[in-house]
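K.L.:
Provided below for reference: sequence and predicted model.
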Amino acid sequence: MNFKTPYPKPHPLNPDFPQHSLNPKPHTLNPILGFTFIEIMVALGISIIIGTFALVFLNAPKQLERSRNTKRTADVNVIMNAIGQNMADNRGIFTCASGSLGASSTRMAIGAGNYDIAPCLAPTYLVSLPYDPNAYNAHWTSVTDYDTAYGVSKNAATGRITISVIYPESGETISVTR
């Protein structure tokens, strides 16, 4: 059976190719023409979407570490800005009922061996003190019940204050000095 059109058109790739052999059965695909541009773009788009999801889900723990370290960086900057505001209100000197800052990094928390900084910053400069998102026992309940899991120190020679993260992830060092 031959399905010739009344006006046969030459094949786009080979004009000498007989028209009747291009598609002898109207319900079959034409293997000579290949894929269309749209088909290739759809396949490429689906591949990119699947690859992106696989990359994100396969590397989820690393992404979570990075997001927690980003929060820690923001937290130490917030605390440092509050300390700066305290200093601006007190003629350049950080004043706190807990006394002066030590030369070595001291954890900002309630309890022996820690530096109780919350009454000096909250609620005047901060509503609440930020705390490490993944450190054991880090929390904020009130000025009398908190543990930031961040450290604070003051360089005696330069007078510069440093806020540092005690438990960063991925081996990063996160601190702010002003």
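P.N.:
Perfect, thanks for sending it. Residues are numbered from 1 along each chain as shown.

K.L.:
which elements pack onto the host helix or strand of residue 85?
P.N.:
Counting by DSSP states H and E, the element that carries residue 85 is helix 60-89. If contacts are counted by 3 or more Cβ pairs under 8 Å, 6 or more residues apart in numbering; DSSP states H and E, helix 60-89 sits against helix 118-121, strand 145-154, strand 161-165, strand 175-177. C-beta coordinates here come from the backbone N, C-alpha and C atoms, glycine included.

K.L.:
mind checking how far the longest one is from the chain centre?
P.N.:
Here the centre of mass of C-alpha atoms in strand 145-154, compared against the chain's by Cα atoms, centre = their mean, to the nearest Å, lies 23 Å away.

K.L.:
check which helices and strands that strand sits against.
P.N.:
helix 60-89, strand 106-109, strand 139-142, strand 161-165.

K.L.:
next, format those as CSV and append distance to residue 115 and mean neighbour count.
P.N.:
Shown next, in CSV, are these (distance: least, Cβ to Cβ, whole Å; neighbours: other Cβ atoms under 10 Å):
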stretch, distance to residue 115, mean neighbour count
helix 60-89, 12, 16
strand 106-109, 4, 21
strand 139-142, 15, 13
strand 161-165, 11, 20
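
K.L.:
which of these sits closest to residue 175?
P.N.:
Nearest of these to residue 175, taken as Cβ to Cβ: strand 161-165 at 3.8 Å.

K.L.:
tell me the angle that closest one makes with strand 145-154.
P.N.:
130 degrees (axes from the mean of the first three to the mean of the last three Cα atoms, to 10 degrees).
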